[in-house]
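[1] Only the shape, not the letters, is given here:
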């Protein structure tokens, strides 16, 4: 595999991330920097930087005497994370809808338009994942629940690697985008009950789909 030029570190991180999420690199498998550098035709420096980036995403961990290894993706952890997200995010959205203004809806719609552009251009899942979080956070911010929003951000960070797996290996992105637009319209209408019901289903369905995908990978 030859790396297309972006920044070297970004390109290397994307290549290794895809291998981990697709199951080509198994959980617990050592990530030899020399071997990766040779395969991707780069020096060890961008490989090291990429592994540190993937460590921050929860896809890689550094162990004493072993170096970098791919982390395990757990279906049980996935389901728990998404269940917690559904509980907290629906409550925050219910509070936020009462305070949302036109500028919040305009910002959320702009994010969805950017999401569409990236989807059509085939940009990396890294950008899609970031925009997904940005969209949800835009709808939640008017709740003014600082501590709860901090917890949600922490849960999103922990579940990010699972979201990236869904984006990489499933065809659920158009469905998720459609649900985002429906959710935004319900917020505009002030329909708290329907918006929270949709959001709960949106999060839980994603968690169950990803957990099932992990279980299928582990059976191979």
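    Arrived safely, thanks for sending. Since the structure is predicted, the reported quantities are computational estimates derived from the model, not experimental observations. Numbering: from 1, shown residues only.

[2] sec struct for residue 68, please.
    The three-state assignment at residue 68 reads strand, by DSSP: H, G, I helix; E, B strand; the rest coil.

[3] who does it bridge with?
    Bridge pairing for residue 68 (DSSP bridges) gives the partners residue 62.

[4] Enumerate every residue touching it.
    Counting by CB atoms under 8 Å, 6 or more residues apart in numbering, residue 68 touches 30, 31, 33, 51, 55, 60, 61, 62. For the C-beta atoms, the positions are set from N, CA and C on the backbone; glycine is no exception.

[5] swap in residue 26?
    Each residue near residue 26 by CB under 8 Å, 6+ apart is listed here: residue 70.

[6] Could you report the pLDDT at residue 44?
    Reading off the per-residue confidence, residue 44 sits at a pLDDT of 92.

[7] From residue 109, how far off is it?
    Between residue 44 and residue 109 the distance is 44 Å, computed by CB to CB, to the nearest Å.

[8] Who has more neighbours out of those two?
    It is residue 109, of residue 44 and residue 109, that has more neighbours when counted by other CB atoms under 10 Å, with 17 against 12.

[9] Tell me if I'm right that that one and residue 183 touch.
    No - counting by CB atoms under 8 Å, residue 183 is not a contact partner of residue 109; they are 11.4 Å apart.

[10] And the biggest helix by length in the chain, what does it pack against?
    For the chain, the longest helix by residue count, based on DSSP state H, is helix 192-219. For helix 192-219, the elements it packs on are helix 75-97, helix 146-169, helix 173-189, judged by 3 or more CB pairs under 8 Å, 6 or more residues apart in numbering; DSSP states H and E.

[11] worst average pLDDT in those helices?
    Averaged per stretch, pLDDT over these is lowest on helix 146-169, reaching a mean of 86.

[12] Quick check: buried residues in that helix?
    With burial defined by 16 or more other CB atoms under 10 Å, the residues of helix 146-169 counted as buried are 148-149, 151-152, 155-156, 158-169.

[13] and of the helices and strands packed on helix 192-219, who's closest to residue 200?
    The closest of these to residue 200 is helix 75-97. By CB to CB, the value is 4.9 Å.

[14] How far off centre is that closest one?
    14 Å (CA atoms, centre = their mean, to the nearest Å).

[15] what do you get for stretch 141-150?
    20 Å.
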